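[1] got a structure for you, letters missing:
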Ligand SMILES: C[S@@+](CC[C@H](N)C(=O)[O-])C[C@H]1O[C@@H](n2cnc3c(N)ncnc32)[C@H](O)[C@@H]1O
């Protein structure tokens, strides 16, 4: 059951729909071993696909920001393949923050790791905006209420967003096919998501959103681009 909360506090923003934080129980009960979670077992393929589509469109990616990095597996593969000069990684989970900071690979990169939510991320913290590429993979289902302010903020922070979110129909399918239910998630329809995304981003490919602030878009083929 989704909680109704008009003005959530900083702590409440970091809780799922069931009122629980993204700490030990979440990673044990929902995430499990991660071996069957999209963008975990196949993180390398996602990163290769992203690299390939940016190469094809001749778009340079020199900075990467991950909003809700979790185990950091997709982040790691994305950083390895794009080799960005600047990386931002945020997540409200203290456990995931500690785990990321303990990983050796991050030492080779210019990376800022912040323990915060997208909602609480302060734009004035950044001198150089936007980042070329953002990642927000399977995160916004954990954010309560109107997501327009979230997308409004994100479209100013990144030019492109590698994005995915399960919709109501996806949850129905996952329940039927793999008996998966997520009590931490706020469930929304595709229509609800599109209404909140469309003012700020265009869909330009699978899992790929382009900020409407990108003026010189390389994605010009009409059939594969939202108006
Ligand atoms: C399903 S995991 C996805 C992790 C990672 N993006 C991936 O693809 O493997 C969801 C993550 O979203 C984070 N999260 C939840 N609410 C958030 C918020 N309001 N802002 C940023 N991250 C959030 C959780 O802590 C968790 O790490």
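    Thanks, I have it. Not measured: the values here are computed from a predicted model.

[2] for the protein, which residues are neighbours of the ligand?
    Applying Cβ under 6 Å from any ligand atom, one finds that the chain approaches the ligand through 13, 22, 39-40, 67-71, 73-74, 91-93, 96, 117-119, 137-139, 142-143. (C-beta placed from N, C-alpha, C; glycine too.)

[3] have a look at this protein and report its longest helix.
    When the chain is parsed with DSSP state H, its longest helix is helix 43-56.

[4] buried set for it?
    43, 46, 47, 49, 50, 51, 53, 54 (16 or more other Cβ atoms under 10 Å).

[5] and the third one, how far is that from residue 40?
    Put plainly, it is residue 47. Between residue 47 and residue 40 the computed distance is 12 Å (Cβ to Cβ, to the nearest Å).

[6] now the common contact residues for these two.
    Taking Cβ atoms under 8 Å, 6 or more residues apart in numbering as the criterion, residue 47 and residue 40 both touch residue 74.

[7] the residue in the chain positioned nearest to the ligand sits in which helix or strand?
    Closest to the ligand within the chain is residue 70: 2.5 Å, counting by Cβ to the nearest ligand atom. Using DSSP states H and E, residue 70 falls within no helix or strand.

[8] show me the residues of the chain next to the ligand that map onto strands.
    Members of these lying in strands (criterion: DSSP state E): 67, 137.

[9] just the buried ones from the residues of the chain next to the ligand, in PyMOL syntax?
    Selection command for PyMOL covering only the buried members of these, criterion 16+ other Cβ under 10 Å:
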select buried, resi 13+22+39+40+67+68+69+70+71+73+74+91+92+93+96+117+118+119+137+138+139+142+143
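
[10] tell me the strands in the chain, going along the chain?
    Using DSSP E, strands in the chain cover 63-67, 86-90, 111-114, 131-137, 158-164, 201-205, 208-211.

[11] residue 32 is nearest to which of those strands?
    Closest of the strands of the chain to residue 32 is strand 131-137, at 17.0 Å (criterion: Cβ to Cβ).

[12] which other helices and strands contact the closest one?
    helix 43-56, strand 63-67, helix 73-82, helix 148-157, strand 158-164 (3 or more Cβ pairs under 8 Å, 6 or more residues apart in numbering; DSSP states H and E).

[13] and the shortest one, how far out from the chain's middle?
    Read it as strand 63-67. Centre-to-centre, strand 63-67 and its host chain are 9 Å apart (Cα atoms, centre = their mean, to the nearest Å).

[14] now do it: which elements does it pack against?
    Going by 3+ Cβ pairs under 8 Å, 6+ apart, strand 63-67 lies up against helix 73-82, strand 86-90, strand 131-137.

[15] mean pLDDT for those - can I get that in JSON lines?
    Output for the helices and strands packed on strand 63-67, formatted as JSON lines (pLDDT from 0 to 100):
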{"stretch": "helix 73-82", "mean pLDDT": "98"}
{"stretch": "strand 86-90", "mean pLDDT": "97"}
{"stretch": "strand 131-137", "mean pLDDT": "98"}
